[in-house]
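Colleague: only geometry, no sequence info:
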């Protein structure tokens, strides 16, 4: 069997080489993964940078697509279903990492104001602000619990799960609003002009879900303060939107060693199940190239990432590729 795997997904290549000698695994950079590269592949393992659709898969022998990410909006699932190509994503793999990112963002913003840093149009007016968590799945549920531990009042919104209050109530009542929903037709520009017009004037908007969840032009024109980890038209950022962000990062909220390992394990499990192979346990496998958490997690790390991105917006993709896992 032949596996084509994005070279930036850790653990998988070495694990397969050690444990599945019958498999031919071909690590490739995302820009190398095209129709010719996957034509004779059985399995495709990708991240969000690879658009998995008819143009890529037509005429190929691919039988399984694994994405080592929570989201799967880069996969044409309808095409896969019609052509009997299995596909899977990794829900919850990096939920804790994203929660940690949101916690760091809140701490930096809250702590910077009393120190004299001017934060345009944002100041926590009371000791117990209200945070609205839109999307209460793997990530959102952790964010809500974290916020409650910090003493914030939490309002939850998740219509598909029949959880919490209405989106209108989130807009009207919350000082901070953070989005943790997948990107699909129902959530595209969920945070739009109409939503923002209902929000408190100083409400802080955070998006660490998918870029299209927030209408960036509406956000920019609204005057609301905002923190963005995900962007419309990545990796080509709108420089004006980037310049106006209180904190900004290059789609790395979920980048942790634990999150990456979880995703790789889930992909390996899916391949084993689909092809009747023995299971591989990354925790028990001595893989010499496993990275250890070495990212900059000292207080203020998100500020430093923000400075890096704002000073080199065209380097979004390279900064993302070279981000040291925390």
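Modeller: Received, thanks. This is a predicted model, so every value here is computed, not measured.
Colleague: By mean pLDDT, point me to the weakest helix or strand of the protein.
Modeller: helix 95-112 (a mean of 88; mean pLDDT, DSSP states H and E).
Colleague: Can you report how many residues lie near residue 281?
Modeller: Residue 281 is flanked by 11 other residues according to other Cβ atoms under 10 Å. Every C-beta, even on glycine, is put in place using the N, C-alpha and C of the backbone.
Colleague: Correction: the previous question concerned residue 314.
Modeller: Around residue 314 there are 11 residues (other Cβ under 10 Å).
Colleague: need the contact list for it.
Modeller: Under the criterion of Cβ atoms under 8 Å, 6 or more residues apart in numbering, residue 314 has no neighbours.
Colleague: Kindly state the beta-bridge partners for the closest residue to residue 77 other than its chain neighbours.
Modeller: Nearest in space to residue 77, with sequence neighbours left out and distances taken as Cβ to Cβ, 6 or more residues apart in numbering, is residue 87 at 6.0 Å. Under the criterion DSSP bridges, residue 87 forms beta bridges with residue 65.
Colleague: Residue 87 against residue 75, yeah?
Modeller: Yes: applying Cβ atoms under 8 Å as the test, residue 87 and residue 75 come out as touching, 5.6 Å apart.
Colleague: And those two? Which one has more around it.
Modeller: Set residue 87 next to residue 75 and count neighbours by other Cβ under 10 Å: residue 75 wins out with 26 against 19.
Colleague: And the pLDDT at that one?
Modeller: For residue 75, the model assigns a pLDDT of 97.
Colleague: before we move on, what about residue 120?
Modeller: Per-residue confidence for residue 120 comes out at a pLDDT of 42.
Colleague: Okay, now the unreliable bits of this structure?
Modeller: Counting by pLDDT under 70, the ranges of the chain that qualify are 111-127, 285-296.
Colleague: about what we covered before: residues in contact with the least confident helix or strand of the chain?
Modeller: By Cβ under 8 Å, 6+ apart, helix 95-112 touches 70, 119, 122, 124, 138-139, 142-143, 146-147, 150, 176, 178, 180, 204, 206, 208, 227, 229, 246-247, 249, 253-256, 258-259, 299-303, 326.
Colleague: other SSEs contacting the host helix or strand of residue 316?
Modeller: Here residue 316 is covered by helix 316-321, with elements defined by DSSP states H and E. Counting contacts by 3 or more Cβ pairs under 8 Å, 6 or more residues apart in numbering; DSSP states H and E, the secondary-structure elements packed against helix 316-321 are helix 301-311.
Colleague: Give the other helices and strands that the helix it packs on contacts.
Modeller: Under the contact definition 3+ Cβ pairs under 8 Å, 6+ apart, helix 301-311 sits against helix 95-112, helix 239-244, strand 247-248, helix 316-321.
Colleague: Any chance of JSON lines for the ones you listed, columns mean neighbour count and distance to residue 216?
Modeller: JSON lines is the format used below for the helices and strands packed on helix 301-311 (neighbours: other Cβ atoms under 10 Å; distance: least, Cβ to Cβ, whole Å):
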{"stretch": "helix 95-112", "mean neighbour count": "21", "distance to residue 216": "18"}
{"stretch": "helix 239-244", "mean neighbour count": "14", "distance to residue 216": "5"}
{"stretch": "strand 247-248", "mean neighbour count": "22", "distance to residue 216": "12"}
{"stretch": "helix 316-321", "mean neighbour count": "16", "distance to residue 216": "14"}
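Colleague: Now do the contacts for the nearest residue to residue 89 once chain neighbours are set aside.
Modeller: Excluding its sequence neighbours, the residue lying closest to residue 89 (Cβ to Cβ, 6+ apart) is residue 72, at 4.2 Å. By Cβ under 8 Å, 6+ apart, the contact list for residue 72 reads 87, 89, 182.
Colleague: what's the burial count for residue 23?
Modeller: Around residue 23 sit 16 other residues, with neighbours defined as other Cβ under 10 Å.
Colleague: Pull the number of nearby residues for the residue nearest to residue 221 when sequence neighbours are not counted.
Modeller: Of all residues beyond its chain neighbours, the one nearest residue 221 is residue 193 (7.6 Å), with distances taken as Cβ to Cβ, 6+ apart. Summarising burial for residue 193: neighbours were counted as other Cβ under 10 Å, giving 13.
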